[in-house]
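A.B. asks: structure for the following, please:
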Amino acid sequence: MTSLTTNPNGPESDAATPDIVVVVEAPEAAPKTTTFAELGVREEIVRALAEGGIEHTFAIQELTLPLALTGNDLIGQARTGMGKTFAFGVPLLHRIVTDETRPLTGIPRALIVVPTRELCIQVYEDLANAAKYLRVGDRKMAVTSIYGGRPYESQIEALQRGVDVVVGTPGRLLDLAQQGHLQLGGLSVLVLDEADEMLDLGFLPDIERILKQTPDDRQAMLFSATMPDPIITLARTFMNQPTHIRAEAPHSNATHDSTEQFAYRAHALDKVEMVARILQAEGRGATMIFTRTKRTAQKVADELAERGFKVGAVHGDLGQAAREKALKGFRNGDVDVLVATDVAARGIDIDDITHVINYQIPEDEQAYVHRIGRTGRAGKTGIAVTLVDWDELPRWTMIDKALGLENPDPLETYSSSAHLYEEMKIPSEATGSIGRGPRSPESKDRPRRESRDGETRESSSDRPARNRDRDRTRQRTRGATKSTTESVETTEAGQATSASGDTETAAAGDSTGPAKRRRRRRRPSTSAPTTAS
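C.D. replies: Numbers count the residues shown, from 1 in each chain. Next up is the predicted model:
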């Protein structure tokens, strides 16, 4: 059992937060030896987890479960990838199905609020799997997800059929609650997951409006990787003397000790070449590449796909269906490189990512921690590479100082640099391409041509560019000939009908331009009287 230190007078329990008790784990997590069954979790949940290969608890789970199972409010703090989902999910499912005083009626009994659609889907899938053997009378426990980017109708129908656990994003939850489709008055358990990210995304006003619609006597759990002051203030307003549990030593490094970190000063025009070579490193598995902008994410994904890599993209310019398809491909291995922006990547929870590449450096040190936290998870090792352009150096220096990385001035590096090959363990024969890959969706319908110098290019025509002017001239000539022909036919028709007196004879067109049609005009059929001379 991991040794604990209860520190009510420690740094986290000063005058600013007198109502929060802090429980701190010993410096490093002990090996996983405690099982969910030993902590008193229901057999149905234990069986479902075991089928997914989960039997022993992580540190955050071992520390939170005894308190959460008894209904206490708590704050769980652990770095990304340390098992926070089951730390609140398992006791949540256990409590609502075990509480015989409040039988499940189809009105939501538990609500989990998450910051992003991707995290919503991930948490929903984890809880649905953990609850698959739980039954309420003659029906299965119902878990549903509610998030934006999808039609309202199917989500409203699910609520009308009856659900026990709802996982959702703030905006859509608030929408359906205000419309009367989502009832929050019957909640027994409320969870805020990744609270610091909700703060970063500006969701706190929506969260506060949701909290006002929940009963006062529900259990509240808040989970977060970091605990900035606004989150502490929020916890004090809606929680009842929560116990603050940190699954790490209070002064441990914010970044994963199991993640080896590298930073290189790189030229913007050489970054894709560098990334292409890093993707050929020995032992490289699933890889995430982070950018700051949506346009850059798509550009990098397209260029890597052209170089032969199996790559997907997740960013705000893509529809929800496309984002889910890319994530599904990344999880099942059809895609092993995922390019994403910070917002879109929040909630991507995959344990076997070996490399994280910061194509553009993040805005601050917290974003950096979240990014590289995608690798080195669940006790595994990982590699994080940051490419720092010259204009990004001031921001990188701030991040380096805040996290104590001791690399404020990264070594100038190019795709051909020997130390890049050596440190990344890149084979010497690696180049910037592994063969022509599948084309990006945006360019599938654009015809391709090959120029005389062998370079493949995109074009709206299969003809070489040098023939375009000649083609246009021919088109104009053909067009003029066609117009002249039509004019002649019209003129001939006019002359033919003029003999009968129905139309005037059409004048011939000017030979220097297209002939003009004349309006046909009928004359009265009555003839003038004859007079004698």
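
A.B. asks: give me the distance from the strand or helix carrying Val275 to the chain's centre.
C.D. replies: Here Val275 sits within helix 271-278, counting by DSSP states H and E. Taking Cα atoms, centre = their mean, to the nearest Å, one finds the center of helix 271-278 at 22 Å from the center of the full chain.

A.B. asks: ok, now stretch 338-358?
C.D. replies: That offset, for stretch 338-358, works out to 8 Å (Cα atoms, centre = their mean).

A.B. asks: also stretch 181-197?
C.D. replies: Relative to its chain's centre, stretch 181-197 lies at 22 Å (Cα atoms, centre = their mean).

A.B. asks: quick check: mean pLDDT across it?
C.D. replies: The pLDDT scores in stretch 181-197 average 93.

A.B. asks: for that stretch, C-alpha coordinates in CSV please.
C.D. replies: What follows is stretch 181-197 as a C-alpha-only set of coordinates in CSV (Å, rounded to 0.1, in the frame of the first residue of the first chain):
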residue,chain,number,x,y,z
HIS,A,181,-34.6,17.8,-22.2
LEU,A,182,-31.8,17.2,-19.6
GLN,A,183,-33.0,17.0,-16.0
LEU,A,184,-30.3,17.8,-13.4
GLY,A,185,-32.4,17.8,-10.3
GLY,A,186,-32.0,14.1,-9.6
LEU,A,187,-28.2,13.9,-9.6
SER,A,188,-26.4,12.0,-6.9
VAL,A,189,-22.8,12.4,-8.3
LEU,A,190,-21.3,15.3,-10.3
VAL,A,191,-17.8,15.2,-11.8
LEU,A,192,-15.7,17.9,-13.4
ASP,A,193,-13.0,16.3,-15.4
GLU,A,194,-9.9,18.2,-16.7
ALA,A,195,-11.0,21.3,-14.9
ASP,A,196,-7.9,23.3,-15.7
GLU,A,197,-8.6,22.8,-19.4
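
A.B. asks: the helix holding Val275 - contacts with which helices or strands?
C.D. replies: Under the contact definition 3 or more Cβ pairs under 8 Å, 6 or more residues apart in numbering; DSSP states H and E, helix 271-278 sits against helix 294-306, strand 353-358, strand 382-388, helix 418-424. Every C-beta, even on glycine, is put in place using the N, C-alpha and C of the backbone.

A.B. asks: so which of these comes closest to Glu282?
C.D. replies: Each of those was scored for nearness to Glu282 using Cβ to Cβ, and the closest is helix 418-424 (8.6 Å).

A.B. asks: can you give me the mean pLDDT across that closest one?
C.D. replies: Per-region confidence: helix 418-424 scores 96 on mean pLDDT.

A.B. asks: now the closest residue to Ala402 other than its chain neighbours: how far from Phe262?
C.D. replies: Among residues not flanking Ala402 along the chain, Glu365 sits closest, at 4.0 Å (Cβ to Cβ, 6 or more residues apart in numbering). As judged by Cβ to Cβ, to the nearest Å, Glu365 and Phe262 stand 17 Å apart.

A.B. asks: and for Thr214?
C.D. replies: Thr214 is 46 Å from Phe262, where distance means Cβ to Cβ.

A.B. asks: still on that earlier bit, and among the helices and strands packed on helix 271-278, the most buried is which?
C.D. replies: strand 382-388 (a mean of 25; mean count of other Cβ atoms under 10 Å).

A.B. asks: how far away from the center of its chain is it?
C.D. replies: Per Cα atoms, centre = their mean, the centroid offset for strand 382-388 relative to its chain is 20 Å.

A.B. asks: I'd assumed Ile75 was in a strand, is it?
C.D. replies: Yes. Checked against DSSP: H, G, I helix; E, B strand; the rest coil, Ile75 lies within a strand.

A.B. asks: go ahead and confirm it touches Leu234.
C.D. replies: No. At 10.3 Å, Ile75 does not count as touching Leu234 under the criterion of Cβ atoms under 8 Å.

A.B. asks: need the residues touching each of the two.
C.D. replies: Taking Cβ atoms under 8 Å, 6 or more residues apart in numbering as the criterion, Ile75 and Leu234 both touch Leu222.

A.B. asks: the two: which has the busier surroundings?
C.D. replies: Shown here are Ile75 and Leu234; by other Cβ atoms under 10 Å, Ile75 has more neighbours (28 against 20).

A.B. asks: list the contacts for that one?
C.D. replies: Contact partners of Ile75, counting by Cβ under 8 Å, 6+ apart, are Ile20, Met221, Leu222, Phe223, Ser224, Met227, Ala235, Met239, Pro242, Thr243, His244, Ile245.

A.B. asks: quick one: which of these has the lowest pLDDT value?
C.D. replies: Minimum pLDDT across those falls on Ile20, with 66.

A.B. asks: check which helix or strand the residue nearest to Glu406 when sequence neighbours are not counted maps to.
C.D. replies: Spatially, and ignoring its direct neighbours in sequence, Glu406 is nearest to Asp400 (7.3 Å; Cβ to Cβ, 6+ apart). Element membership of Asp400 [criterion: DSSP H and E] is helix 393-403.
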